[in-house]
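Undergrad: fold the following and give me the result.
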Amino acid sequence: MNYQGSINAPSTATVVPFFVASAFSWLFSVLLIAVFGATLLETHYFNPITLGITHLVVLGFVTNVIFGALFQLLPVIFIRKIYSEVLGKIVFWFFLFGFLGIVIAFFIGISGLWLTLSGSLVNIAVILFIINAWKTIGDSKEKFYKLVNDNVAFAS
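TA: Numbers count the residues shown, from 1 in each chain. Predicted structure coming up:
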């Protein structure tokens, strides 16, 4: 078997921003928990600070790590360059402004158009990510069933 997936890896300009954003999201959420920790424990869980921190962790940290890892791993697994690195960068910026808009909206306590536009940016970013991933997998030299069969044979 000839695994040369690493030569298909995307540029760092496509992948690293997701991990940098996730690191800052984690750091900022930890600082917010340190500052507002007592308040968070004394109040109802459905308050603006808790909603903001929750979305900062889930969207800002977890989802950015998932996007960054998949942009890095899909080309390696399917032995093909990512369909569009430009689309990957667009996904990052749409997602960044979308999740930051959601977090700010929850902290400030605003809803309506601001929250709708921010959520729409996140949804557009996810759809663009799925399109990019789908096109990468669809154009792959390695077919999914071949990968599964090789792994099953290797494991047994």
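Undergrad: all the helices of the chain, residue numbers only.
TA: 12-42, 48-55, 64-78, 85-108, 113-138, 144-155 (DSSP state H).
Undergrad: let's have those in JSON lines, adding mean neighbour count and mean pLDDT.
TA: Where you see a C-beta, it was placed from the backbone N, CA and C, and this is true even at glycine. Below are the helices of the chain laid out as JSON lines (neighbours: other C-beta atoms under 10 Å; pLDDT from 0 to 100):
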{"stretch": "helix 12-42", "mean neighbour count": "15", "mean pLDDT": "92"}
{"stretch": "helix 48-55", "mean neighbour count": "18", "mean pLDDT": "91"}
{"stretch": "helix 64-78", "mean neighbour count": "19", "mean pLDDT": "92"}
{"stretch": "helix 85-108", "mean neighbour count": "19", "mean pLDDT": "96"}
{"stretch": "helix 113-138", "mean neighbour count": "16", "mean pLDDT": "95"}
{"stretch": "helix 144-155", "mean neighbour count": "10", "mean pLDDT": "57"}
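Undergrad: check what pLDDT T63 gets.
TA: With respect to pLDDT, T63 scores 97.
Undergrad: count of neighbours near it?
TA: Neighbourhood size, T63 [other C-beta atoms under 10 Å]: 22.
Undergrad: distance check, it against N8.
TA: For T63, the distance to N8 under the criterion C-beta to C-beta, to the nearest Å works out to 24 Å.
Undergrad: can you check R80 too?
TA: Between R80 and N8 the distance is 6 Å, computed by C-beta to C-beta.
Undergrad: cool, L59 as well?
TA: Counting by C-beta to C-beta, the gap from L59 to N8 is 28 Å.
Undergrad: what does F71 give?
TA: Using C-beta to C-beta, we find F71 at a distance of 12 Å from N8.
Undergrad: common neighbours of these two, please.
TA: Taking C-beta atoms under 8 Å, 6 or more residues apart in numbering as the contact rule, F71 and N8 both touch I82.
Undergrad: so what touches stretch 65-73?
TA: Residues lying outside stretch 65-73 but in contact with it, judged by C-beta under 8 Å, 6+ apart, are 9-10, 14-19, 22, 82, 88, 91-92, 95, 129, 133.
Undergrad: report the two of these separated the most.
TA: Greatest spacing in those, by C-beta to C-beta: A9 and F95 (20.6 Å).
Undergrad: residues contacting the closest residue to L59 other than its chain neighbours?
TA: With sequence-adjacent residues excluded and distances taken as C-beta to C-beta, 6 or more residues apart in numbering, L59 is closest to F99, at 3.9 Å. Contacts here follow C-beta under 8 Å, 6+ apart; on that basis F99 touches 55-56, 59-60, 63, 118, 122.
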